[in-house]
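[1] heads up, no residue letters with this:
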């Protein structure tokens, strides 16, 4: 797998996801609790499976650009690279 794996559950504090060379994939849904902030850098790609989601009770700061958008998509999508080396 060509990706950064994020386990399911709560963030456990403020986080900055700024790796743009690999997409982030998830082991389940992610919870952002009240008072917590998840910051997504321009160019970050998040890939979800069916039924997975971000449960946001805190904040998500996400400001992409025209040339470096922030993408939330399916694990099956090859945006950000062929995650599972299936050439699909």
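    Yep, it's here. Please read these numbers as outputs of a predicted model, since none were measured by experiment.

[2] Residue ranges in the chain under the pLDDT threshold?
    Low-confidence segments of the chain (pLDDT under 70): 87-88.

[3] where exactly do the helices run in it?
    For the chain, applying DSSP state H gives no helices.

[4] What ranges does it have for its strands?
    4-6, 9-10, 15-17, 24-26, 30-32, 37-40, 45-48, 54-56, 59-62, 71-74 (DSSP state E).

[5] now those strands as a markdown table including mean neighbour count and distance to residue 85?
    C-beta coordinates here come from the backbone N, C-alpha and C atoms, glycine included. Shown next, in a markdown table, are the strands of the chain (neighbours: other Cβ atoms under 10 Å; distance: least, Cβ to Cβ, whole Å):
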| stretch | mean neighbour count | distance to residue 85 |
| --- | --- | --- |
| strand 4-6 | 14 | 15 |
| strand 9-10 | 12 | 27 |
| strand 15-17 | 15 | 23 |
| strand 24-26 | 20 | 13 |
| strand 30-32 | 19 | 25 |
| strand 37-40 | 17 | 25 |
| strand 45-48 | 22 | 14 |
| strand 54-56 | 13 | 26 |
| strand 59-62 | 14 | 28 |
| strand 71-74 | 14 | 16 |
